[in-house]
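> What follows is a predicted protein model with its sequence.
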Amino acid sequence: MDRARARDLGIVVGKLPPGEKNGITDVAGVRAGHTTLVEGDNVRTGVTVVLPHEGSPWDEPLFAGAHRLNGNGELTGLEWIRESGMLCSPVGLTNTHSVGVVRDALISAEIDLREDEREFWSLPVVGETWDGLLNDINGMHVKPEHVRAALDAASDRPMEEGNVGGGTGMICHGFKGGIGTASRVVAEAGGAVVGVLVQANHGRRERLRVNGVPVGEAIPVSEVPDPHGRVPPAAGSIIVLVATDAPLLPVQCERLAQRAGLGIARVGGVGENSSGDLFLAFSSGNRGLPSADYGSEAPLTIPLEMLANNYITPLFDAVVEATEEAILNALCAAETMSGANGSTVYELPLERLTELVASA
């Protein structure tokens, strides 16, 4: 069976309707791009970038909040987000040992765009998961030009999923994982859109659930080998990005980010000791926030809108559903991959998946 998204297989997660593209780019202004590196026998890695709106987040930040389920991972720039409540950069996703080069390349790309002489500082947001089974991670194959290419490729088109970008070499619940995305439209919150993107490299085979069906238990390693013979079980991570156009304040963004953990749990993730499960949520509902640059002009006060907390629970539902479906989309899109040191990670067999879900 050809690779497909979960919904195309008849697997519908939750009650809320998806957006037109069923992805993070359903949130107006959000763009995403990938650079995928598959070279020779050992290079299986890449970069994914997410641009939070159509302008420059360095000049016009957005309110944001973050949450940690388990902290054996990295998402740079979070201390400033926690302090200021603002996302001031694009977001990059890559492998664990390439965080630095992606961070530096995002800074360099912005410097090249600036024509003024103002001093410039930045704390870019870059997340990682470990692709060292399939990829020669110590070879440092991600270069600045790959980050530039991902930035240049960023668009609001439906996203590629699975073995692409930062997700190229990732493993999820003992099957091939990677990038996945999904969205929800929330009528009860004024038609707000919530989009989620995951880089899924986490979980154990036996815990995998699809709409509550114990799929992982039903597909034993005798049927589909599990790569965790060479990597300790639960040695993985997931990065979740949540975007919305609902007018949220930073503390509300933090509350949305926290709910991503519930979507992970519905698929069977538990935030194991060796997992880095880091979440970031941002809102484009209050545009026009002033730059944090030194010397930038700003009014004394700024008018804001805030979604009343009376209406925020449906957004929580949307985050949970979209996170769950994004992980499933990553699993359903990803294809069997061989890589470094003769390792192979097998795709989730879609025919077996649909049989199991249909018979439940």
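The structure has been received and is ready for your questions. Numbering: from 1, shown residues only.
> residues near the spatially closest residue to residue 142 that is not a sequence neighbour, how many?
Take residue 142 and drop its neighbours on the chain: the residue closest to it by C-beta to C-beta, 6 or more residues apart in numbering is residue 98, 3.8 Å away. For the C-beta atoms, the positions are set from N, CA and C on the backbone; glycine is no exception. Residues lying near residue 98 (other C-beta atoms under 10 Å) number 26.
> Residue 140 is in contact with residue 98, correct?
Yes - with contact defined as C-beta atoms under 8 Å, residue 98 reaches residue 140; the gap is 6.7 Å.
> OK, contacts around the residue nearest to residue 142?
45, 47, 128, 140-142 (C-beta atoms under 8 Å, 6 or more residues apart in numbering).
> and residue 148, which of the three is it?
helix (DSSP: H, G, I helix; E, B strand; the rest coil).
> Any chance you could list what contacts stretch 305-314?
Taking C-beta under 8 Å, 6+ apart as the rule, stretch 305-314 contacts 16, 186, 188-190, 192, 246-249, 252, 255, 285-286, 315.
> Which of the residues you listed sits closest to residue 352?
The closest of the contacts of stretch 305-314 to residue 352 turns out to be residue 16 (C-beta to C-beta; 27.6 Å).
> which ones are touching the closest residue to residue 167 other than its chain neighbours?
Closest residue to residue 167 apart from its sequence neighbours, by C-beta to C-beta, 6+ apart: residue 178 at 2.9 Å. Shown in contact with residue 178 (C-beta under 8 Å, 6+ apart): 161-165, 167-168, 170, 172, 199-201, 330, 333-334.
> With respect to residue 1, which of these is nearest?
So of the contacts of residue 178, ranked by how close each gets to residue 1 (C-beta to C-beta), first place is residue 333, at 12.5 Å.
> so what's that closest one scoring on pLDDT?
On the pLDDT scale, residue 333 is placed at 98.
> Can you tell me, leaving aside adjacent residues, what's nearest to it?
In space, residue 333 is closest to residue 162, 3.2 Å off (C-beta to C-beta, 6+ apart).
> what kind of secondary structure is residue 240 in?
Criterion first, three-state DSSP; result for residue 240: strand.
> Was I right to think it contacts residue 258?
No - Residue 240 is beyond contact range of residue 258, at 10.5 Å (criterion: C-beta under 8 Å).
> what about the two, which has more around it?
Legend: neighbour count by other C-beta under 10 Å for residue 240 and residue 258, higher for residue 240 (29 against 19).
> what's the spacing between the more buried one and residue 80?
Look at residue 240 and residue 80: by C-beta to C-beta, to the nearest Å, they are 19 Å apart.
> before we move on, back to that, which pLDDT value goes with the residue nearest to residue 167?
Reading off the model, residue 178 has pLDDT 98.
> can you check residue 232 too?
pLDDT at residue 232 comes out at 65.
> now the helices: where do they sit in the protein?
Applying DSSP state H to the chain gives helices spanning 78-84, 99-113, 144-153, 215-218, 250-267, 313-333, 350-359.
> number of nearby residues for the nearest residue to residue 36 once chain neighbours are set aside?
Nearest non-adjacent residue to residue 36, counting by C-beta to C-beta, 6+ apart: residue 46, 4.4 Å away. As a burial measure, residue 46 scores 30 neighbours (other C-beta under 10 Å).
> Let me know the distance separating residue 46 from residue 267.
Distance, residue 46 to residue 267, using C-beta to C-beta: 23 Å.
> Kindly report the same for residue 30.
23 Å.
> more crowded one of the two?
The residue with more neighbours, out of residue 30 and residue 267, is residue 267; 29 against 26, by other C-beta under 10 Å.
> doesn't residue 212 make contact with the more buried one?
No - between residue 267 and residue 212 there is no contact under C-beta under 8 Å: 10.2 Å.
> which residues do these two both contact?
Counting by C-beta under 8 Å, 6+ apart, nothing touches both residue 267 and residue 212.
> which residues does residue 119 contact?
Contacts of residue 119 by C-beta under 8 Å, 6+ apart are 293-295.
> what's in contact with stretch 351-360?
Outside of stretch 351-360, the residues within contact range by C-beta under 8 Å, 6+ apart are 1, 9-11, 210-213, 215, 218-219, 223, 332.
> measure the nearest residue to residue 153 once chain neighbours are set aside to residue 47 for me?
Once flanking residues are discounted, residue 153 sits nearest to residue 33: 3.5 Å by C-beta to C-beta, 6+ apart. Separation of residue 33 from residue 47 (C-beta to C-beta): 9 Å.
> more neighbours, the two?
residue 47 (30 against 22).
> so the more buried one touches residue 91, yeah?
No - using C-beta under 8 Å as the test, residue 47 is too far from residue 91 to be in contact (11.1 Å).
> distance of residue 241 from residue 195?
8 Å.
> swap that for residue 173, please
In terms of C-beta to C-beta, residue 173 sits 23 Å off from residue 195.
> In the stretch 201-350 of the chain, where is pLDDT below threshold?
By pLDDT under 70, the weakly predicted segments of the stretch 201-350 of the chain are 228-234.
> Give me the common contacts of residue 240 and residue 258.
Counting by C-beta under 8 Å, 6+ apart, the residues touching both residue 240 and residue 258 are residue 279.
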